[in-house]
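Enquirer: got a predicted structure here, sequence first:
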Amino acid sequence: MSRAPQPAPLISAQNICIRYGGTEVLHNVSLGVRPGEIVTIVGPNGSGKSTLLRALLGIIAPAGGGVTRAPGLRIGYLPQRLSIDPSMPITLRRFLSLPLRVSDQRAGAALAQVGLEGKGALQMAGLSGGQMQRALLARALLSDPQILMLDEPTQGLDQPGEADFYRLIEEVRARTGLAVLMVSHDLHVVMAASDRVICLNGHICCEGTPAVVSTAPEYRALFGPGTRGALALYRHEHDHDHSEPHDHHSHGHHPHDHGPGCSHNAAQPSGKAGE
Ligand SMILES: Nc1ncnc2c1ncn2[C@@H]1O[C@H](COP(=O)(O)OP(=O)(O)OP(=O)(O)O)[C@@H](O)[C@H]1O
């Protein structure tokens, strides 16, 4: 039986390479996010997760390869955190009107979507970590995004706070059909909340559904067999064999094996997302 054709990706990277000065931090990374998918990028510190997100957002230009976005793509971006100066009082309601003024009705609907109904009069500086992330999410949702991009959105939250936030992301996806691409260290929750997981370490080590990835040797090398092992992340030894293709997950190449397609330009800030 033939499968229905998959929808085109909203955003994709084709063999991108990123260099900072003389150092290549991403090599030949390819990925695509389709409508409605939740895709999570995991990997050790310094493995290039934020760099990949920034390249997809068009903030930095790849030295090789390209980024493609669907025409007119609406992206909602959530930074890791927002530091609010307590000496600059601003209410949650006003925050939602920065930089573009929104009606009370739209602001109220956005707050209701993230569980902050009726909280518009609260001071931003007084919000808890979880409320702050919800506030950022509410603001991102105001642009009616087709894809949300989140960079470690639950850093600093306790475990119930993390789990609540990921549940909320899933609820929003179920209600709106938006796609989600996020970077996370929170493996235990990420595995449950993602349709697809990508393990990055300068290149794509392995990727697939959480079930496939959790049994991949590369994933186990990162996180250990009994995966609450976020600590193992920091001890990852990059010792797996790249010579054989695997059945269930794709493979990239080592960042230091300079394959075709990468020039030697350093990453530059860029206003465009490539071709
Ligand atoms: N602007 C920059 N200039 C030079 N090197 C950079 C720059 N930004 C990142 N790097 C380096 O590129 C590598 C990848 O960094 P990146 O922040 O993308 O990793 P990450 O996986 O998001 O890390 P973390 O989990 O610690 O946030 C690191 O070695 C980092 O030091």
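Expert: Yep, it's here.

Enquirer: so where do the helices sit in the stretch 101-250 of the chain?
Expert: 104-113, 129-141, 159-176, 187-193, 210-215, 217-223 (DSSP state H, counting those that start in this stretch).

Enquirer: which residues belonging to the second one are considered buried?
Expert: Okay, so that is helix 129-141. 130, 131, 132, 133, 134, 135, 136, 137, 138, 139, 140, 141 (16 or more other C-beta atoms under 10 Å). For every residue, glycine as well, the C-beta is placed using N, CA and C.

Enquirer: contacting residues for the closest residue to residue 141 other than its chain neighbours?
Expert: Spatially, and ignoring its direct neighbours in sequence, residue 141 is nearest to residue 110 (5.3 Å; C-beta to C-beta, 6 or more residues apart in numbering). By C-beta atoms under 8 Å, 6 or more residues apart in numbering, residue 110 lies in contact with 96, 102, 138, 139, 141, 142.

Enquirer: next one: residue 139
Expert: For residue 139, counting by C-beta under 8 Å, 6+ apart, the contacting residues are 95, 96, 98, 110.

Enquirer: now that we have those residues, which of them are buried?
Expert: 95, 96, 110.

Enquirer: list, one by one, the residues from the chain near the ligand.
Expert: Contacts of the chain with the ligand, taken as C-beta under 6 Å from any ligand atom, map to 20, 25, 43, 45, 46, 47, 48, 49, 50, 51.

Enquirer: what segments of this structure are strands?
Expert: 11-20, 23-33, 38-42, 60-61, 64-69, 75-78, 147-151, 179-183, 196-200, 204-208, 268-269 (DSSP state E).

Enquirer: would you turn these into TSV with mean neighbour count and mean pLDDT?
Expert: Shown next, in TSV, are these (neighbours: other C-beta atoms under 10 Å; pLDDT from 0 to 100):
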stretch	mean neighbour count	mean pLDDT
strand 11-20	21	97
strand 23-33	21	96
strand 38-42	24	93
strand 60-61	21	94
strand 64-69	19	96
strand 75-78	19	92
strand 147-151	23	95
strand 179-183	24	95
strand 196-200	24	92
strand 204-208	24	91
strand 268-269	10	48
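
Enquirer: now render those as TSV, adding distance to residue 88.
Expert: As requested, the strands of the chain are exported to TSV (distance: least, C-beta to C-beta, whole Å):
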stretch	distance to residue 88
strand 11-20	33
strand 23-33	35
strand 38-42	33
strand 60-61	29
strand 64-69	34
strand 75-78	21
strand 147-151	24
strand 179-183	28
strand 196-200	36
strand 204-208	42
strand 268-269	27
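
Enquirer: for the closest residue to residue 9 other than its chain neighbours, name its beta-bridge partners.
Expert: Distance criterion C-beta to C-beta, 6+ apart; nearest residue to residue 9, sequence neighbours excluded, is residue 32 at 3.3 Å. Counting by DSSP bridges, residue 32 forms beta bridges with residue 12.

Enquirer: my guess is residue 32 contacts residue 11. True?
Expert: Yes: with contact defined as C-beta atoms under 8 Å, residue 32 counts as touching residue 11 (7.2 Å).

Enquirer: could you report the distance from residue 93 to the ligand?
Expert: Per C-beta to the nearest ligand atom, to the nearest Å, residue 93 is found 32 Å from the ligand.

Enquirer: and the pLDDT at residue 265?
Expert: pLDDT for residue 265: 48.

Enquirer: count the neighbours of residue 36 for me.
Expert: Using other C-beta atoms under 10 Å, residue 36 is surrounded by 17 other residues.

Enquirer: mind listing what it touches?
Expert: Neighbours of residue 36 in contact, by C-beta under 8 Å, 6+ apart: 173, 177, 178, 179.
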